[in-house]
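> coords please:
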Amino acid sequence: MSSQFQRVYLVKTFIRTLRETARVESVTNSPVLTHLGETIAGASTIRAFDKINHFKKNHFGLQDTNLLAMIFNKGMRSWFNVRIKLISQLIILFSFTYCVLFKENSDPTVIAIMMVYLVQIQTSMSNFFSNGATVEVQMVSFNRLVNMLEIPQEAEQRKPLPINAFGEQFISRGMIEFDHFTMKYRPDTDIVLNDICLKINHGEKVGVVGRTGAGKSTL
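As a prediction, the model looks like this:
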């Protein structure tokens, strides 16, 4: 009964902690991939401005944070496996002791079958709880997808096209104007474009130049 209670307590504690460490590992892995992709895309600009060491330092810092979360995750798995194996060994020890002490009052065939299955209980228990923990950890990715779907979307901001004399929508000439324009992708992120004032008249060709991450693609 005590061993059963210990297993239930271990599983609840382990799964809850492993789920949170897996969530931290997943969250810290995203900036590593994003930074790596941006660095590869802007490699020529980084070399031109001699910012290689700066980007290497940022990448190693993000990677260290992710590896720290990964180490915690692997350590939790090892911690759990050691304790499950210890409980399994205690069950085997008590069962074998019982079989030896009361062998005169028990059927030898039953004792032999029980010993065979008791030897396999360690591997079976470890695999059972490990597979259950793996399913729980994989649900972290599903939970993150659900959270992304719940992010409020931007409202429709397109204005209707003007109507000509024939009742058709048309644009006689194109012109783009930004009047102190500021934007960011989400309410909890940094400002991407800050106080942009720009006017592009009909027929003009404009080139946008800037370093990596300056907001050219956003503009």
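
> helices or strands up against whichever helix in the chain runs longest?
Secondary structure of the chain per DSSP state H: the longest helix is helix 52-101. When contacts are defined as 3 or more Cβ pairs under 8 Å, 6 or more residues apart in numbering; DSSP states H and E, helix 52-101 sits against helix 2-41, helix 108-149. To be clear about C-beta, it is placed using only N, CA and C from the backbone, and glycine gets the same treatment.

> what sits against the residue nearest to the spatial centre of the chain?
Centroid-nearest residue in the chain, with Cα atoms, centre = their mean: residue 26, separated by 2.1 Å. If a contact means Cβ atoms under 8 Å, 6 or more residues apart in numbering, then residue 26 has 140, 141, 144 as its contacts.

> Tell me how many other residues crowd the last one.
By that I understand residue 144. Residue 144 sits with 14 neighbouring residues when counted by other Cβ atoms under 10 Å.

> Okay, the closest residue in space to it that isn't next to it in sequence and residue 69: tell me how far apart.
Leaving aside its chain neighbours, residue 144 sits nearest to residue 26 (6.6 Å; criterion: Cβ to Cβ, 6 or more residues apart in numbering). From residue 26 across to residue 69, the span is 9 Å (Cβ to Cβ, to the nearest Å).

> Next: residue 44.
Residue 44 is 32 Å from residue 69, where distance means Cβ to Cβ.

> that older thread, okay, the helices and strands packed on helix 52-101 in TSV with mean pLDDT next?
Converted to TSV, the helices and strands packed on helix 52-101 look like this (pLDDT from 0 to 100):
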stretch	mean pLDDT
helix 2-41	76
helix 108-149	76
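
> could these go into TSV alongside distance to residue 202?
Compiled in TSV, the helices and strands packed on helix 52-101 are given as follows (distance: least, Cβ to Cβ, whole Å):
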stretch	distance to residue 202
helix 2-41	32
helix 108-149	40
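
> winner for burial among those?
helix 2-41 (a mean of 15; mean count of other Cβ atoms under 10 Å).

> C-terminal to it, what's the next element?
Remark: after helix 2-41, the chain's next helix or strand is helix 43-48, criterion DSSP states H and E.

> Quick one, which of the helices and strands packed on helix 52-101 gets closest to residue 200.
The minimum distance between residue 200 and those falls on helix 2-41, with 25.3 Å, by Cβ to Cβ.

> Pull the contacting residues for residue 212.
Here residue 212 is in contact with 38, 39, 41, 42, 45, 46 (Cβ under 8 Å, 6+ apart).

> And the last one, how far from residue 211?
Same thing as residue 46. 9 Å.

> Since that was my last question, I'll sign off now.
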